[in-house]
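K.L.:
Could you look at this predicted model? Sequence included:
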Amino acid sequence: MRHAMRDLSRLLQKNLFHNRDLVRNHMIKHIVAWKLKEHAEGRSRMENALLLKRELESMTAKIKEIRSLEVGMNFNDGQDAYDLVLVTEFTRKEDLEIYQNHPEHQRVVAILRRLRESRVVVDYGSNG
């Protein structure tokens, strides 16, 4: 009986450590897509998309919580298509919150608000 309890205890400890590792390896994905105004601030939609791509990509050097960042420019001419997408990954939900409140992020958000027509966002967790 004593051996069975010891084995059960080891198994539980192993599973607890395994579950902790799963949580530790859990990534948060933050995806945002924007539809830009046809013209804004004296620039075309394409010029603003290029400007925003540079601004968004510059955040990786300034916000250490960003685990990865990718900006894509749409090539689909469909009416429902969005012009620009941001895909970011964070280690923890708290890192996403730090990013969202970071002054550099807030600076880029202010630019985006002036240039965008609409925005959609999705945040979710995934096993990395």
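P.N.:
Yep, that arrived.
K.L.:
Please make it C-alpha for all contacts and neighbour counts, starting now.
P.N.:
Fine.
K.L.:
C-terminal to the lowest-mean-pLDDT helix or strand in the chain, what's the next element?
P.N.:
One helix or strand of the chain scores below all others by mean pLDDT, DSSP states H and E: helix 2-24, with a mean of 49. Under the assignment DSSP states H and E, the closest C-terminal helix or strand after helix 2-24 is strand 26-36.
K.L.:
ranges for the helices of the chain?
P.N.:
Per DSSP state H, the chain has helices spanning 2-24, 45-58, 93-101, 103-115. These are given in chain order.
K.L.:
I figured Ala33 was touching Thr88, is that so?
P.N.:
No. Taking Cα atoms under 8 Å as the definition, Ala33 is not a contact partner of Thr88, at 11.7 Å.
K.L.:
Could you give the bridge partners of Leu86?
P.N.:
In this structure, Leu86 has beta-bridge partners Val32, Val71, where bridges are defined by DSSP bridges.
K.L.:
Test my guess that it contacts Ala33.
P.N.:
Yes. Judged on Cα under 8 Å, Leu86 makes contact with Ala33 at a distance of 6.3 Å.
K.L.:
Neighbour count: those two, which is higher?
P.N.:
Per other Cα atoms under 10 Å, whichever of Leu86 and Ala33 has more neighbours is Ala33, with 22 against 18.
K.L.:
Report pLDDT for the more buried one.
P.N.:
Predicted confidence (pLDDT) at Ala33: the value is 98.
K.L.:
Now for it: which residues touch it?
P.N.:
Residues counted as contacts of Ala33 (Cα atoms under 8 Å, 6 or more residues apart in numbering) are Tyr82, Asp83, Leu84, Val85, Leu86, Arg119, Val120, Val121.
K.L.:
Farthest pair within these?
P.N.:
When the contacts of Ala33 are compared pair by pair using Cα to Cα, the farthest-apart members prove to be Asp83 and Val121, with a separation of 13.7 Å.
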